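> The following block contains a protein sequence and its predicted model.
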Amino acid sequence: MLKALVSDVDGTITDRRRRINTDAIEALRTLVDAGIEVVLASGNTVCFMDGLCKMVGTDGTIISENGGVYRRGFGGTLHIPGDQKVCLEAFEVLRDHFAGEGVRLELFSAQYRFADVAFARNIDPDDVRTVVRDHHLPVRVLDTGFAIHLQDPGVSKGTAMRDLAREMGLLPDEILAIGDSENDIEMLKAAGVGVAVANAPEPTRSAADWVPRESYGDGFIETVKKYYPDLFSR
Ligand SMILES: O=C(O)COP(=O)(O)O
Ligand SMILES: [Mg+2]
């Protein structure tokens, strides 16, 4: 039986250009008002997520920085399982490598990050993976479609979701998780029901139990409508 919804943000409750889908926000509020646990899970920073949670109206339970950080409620302990040191060291190697090719890597919100490193997609993520492999850098490269992230290899939205579920007194099987990108794969696999909106790339769609017909925020709404009765039959 499903008791909670864990949702990705960019590409799942937004459109392709990252503009929020206001009907998806309404769907989230319907769940919150019905007493369903709603967790927002993203590659974004904690401060970004706090603003989003406040304005959507959730209790502030978040997975942030692709699982590098998580917290139950606005007032909960901020857990930081991710090791940012390995990510920063790897980023320096990448920055020097790509500078040699005349490409400047642009960090995103570095001063607000505790666990991972995020930078602009002005280079091919596969080229980043090649440099990481050639230099034996101990990090994972995640392409979210909105940014490239470097992550501690033992950490994902899936590991954070399991730990958070324990803190919330929930089983992973009681969670409906929804996402759109490769940074969501472990989370979709760990959840009782994993959903990939239709815009998700193939590896993410194959990690999901179900794929709606619609993409982006419309796929999110389609999913909430499909699983709403299950979420309520508690
Ligand atoms: O921060 C990103 O790059 C994407 O964030 P998301 O996990 O909400 O899609
Ligand atoms: Mg996403």
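In hand now; what should we look at? Ligands and ions are numbered 1, 2, ... in the order given.
> contacts, neighbours, all on C-alpha from now
Noted.
> So Gly158 is in contact with Leu188, correct?
Yes - with contact defined as Cα atoms under 8 Å, Gly158 reaches Leu188; the gap is 7.4 Å.
> Can you give the contact residues for stretch 3-21?
Here stretch 3-21 makes contact (Cα atoms under 8 Å, 6 or more residues apart in numbering) with 24-25, 36-42, 146, 170, 174-181, 184, 197, 199, 215-220, 231-232, 234.
> Narrow these to those in strands?
In strands, defined here by DSSP state E, the members of the contacts of stretch 3-21 are Glu37, Val38, Val39, Leu40, Ala41, Ile175, Leu176, Ala177, Ile178, Gly179.
> picking that back up, more crowded one of Gly158 and Leu188?
Neighbour totals were compared for Gly158 and Leu188, and Leu188 leads with 31 against 24 (other Cα atoms under 10 Å).
> Can you check my assumption that that one lies in a strand?
No - counting by DSSP: H, G, I helix; E, B strand; the rest coil, Leu188 is not part of a strand but helix.
> near ligand 2, which residues of the protein?
Residues of the chain lying near ligand 2 by Cα under 5 Å from the ion: Asp10, Gly11, Asp180.
> As a markdown table, those with neighbour count would be great.
Formatted as a markdown table, the residues of the chain next to ligand 2 follow (neighbours: other Cα atoms under 10 Å):
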| residue | neighbour count |
| --- | --- |
| Asp10 | 25 |
| Gly11 | 26 |
| Asp180 | 30 |
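> Pull out whichever of the residues you listed are also neighbours of ligand 1.
Restricting these to those touching ligand 1 (Cα under 6 Å from any ligand atom) yields Asp10, Gly11.
> Tabulate the residues of the chain next to ligand 2 (CSV), appending distance to Pro81 and pLDDT.
Output for the residues of the chain next to ligand 2, formatted as CSV (distance: Cα to Cα, whole Å; pLDDT from 0 to 100):
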residue, distance to Pro81, pLDDT
Asp10, 22, 98
Gly11, 25, 98
Asp180, 23, 98
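> Could you identify the most distant pair in the ones in strands among the contacts of stretch 3-21?
Within the ones in strands among the contacts of stretch 3-21, Glu37 and Gly179 form the most distant pair, 16.8 Å apart (Cα to Cα).
> Please identify which of the two sits among more neighbours.
Legend: neighbour count by other Cα under 10 Å for Glu37 and Gly179, higher for Gly179 (33 against 19).
> Just confirm that one contacts Asn199, I think it does.
No - using Cα under 8 Å, Gly179 is not in contact with Asn199; the gap is 9.8 Å.
> Which segments of the chain make up each domain?
Split into domains by automatic domain parsing, the chain comes to 4-80+155-232, 84-151.
> okay, those, which one's buried deepest?
domain 4-80+155-232 (a mean of 21; mean count of other Cα atoms under 10 Å).
> quick one: the residue positioned nearest the centre of the chain and Leu176, what's the gap?
The chain has Ser42 as the residue nearest its centroid, 3.0 Å off, counting by Cα atoms, centre = their mean. Shown here: Ser42 relative to Leu176, a distance of 15 Å by Cα to Cα, to the nearest Å.
> So whichever strand or helix holds Lys54, near ligand 1 or not?
Using DSSP states H and E, Lys54 falls within helix 46-56. No - judged by Cα under 6 Å from any ligand atom, helix 46-56 stays clear of ligand 1, getting no closer than 9.3 Å.
> Kindly format the C-alpha coordinates of that helix as CSV.
The C-alpha coordinates for helix 46-56 follow below in CSV (Å, rounded to 0.1, in the frame of the first residue of the first chain):
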residue,chain,number,x,y,z
VAL,A,46,18.8,22.8,0.1
CYS,A,47,18.0,26.6,0.0
PHE,A,48,16.3,26.2,-3.4
MET,A,49,14.3,23.3,-2.1
ASP,A,50,13.3,25.1,1.1
GLY,A,51,11.8,28.0,-1.0
LEU,A,52,10.0,25.5,-3.2
CYS,A,53,8.6,23.5,-0.3
LYS,A,54,7.4,26.7,1.4
MET,A,55,5.6,27.9,-1.7
VAL,A,56,4.1,24.5,-2.6
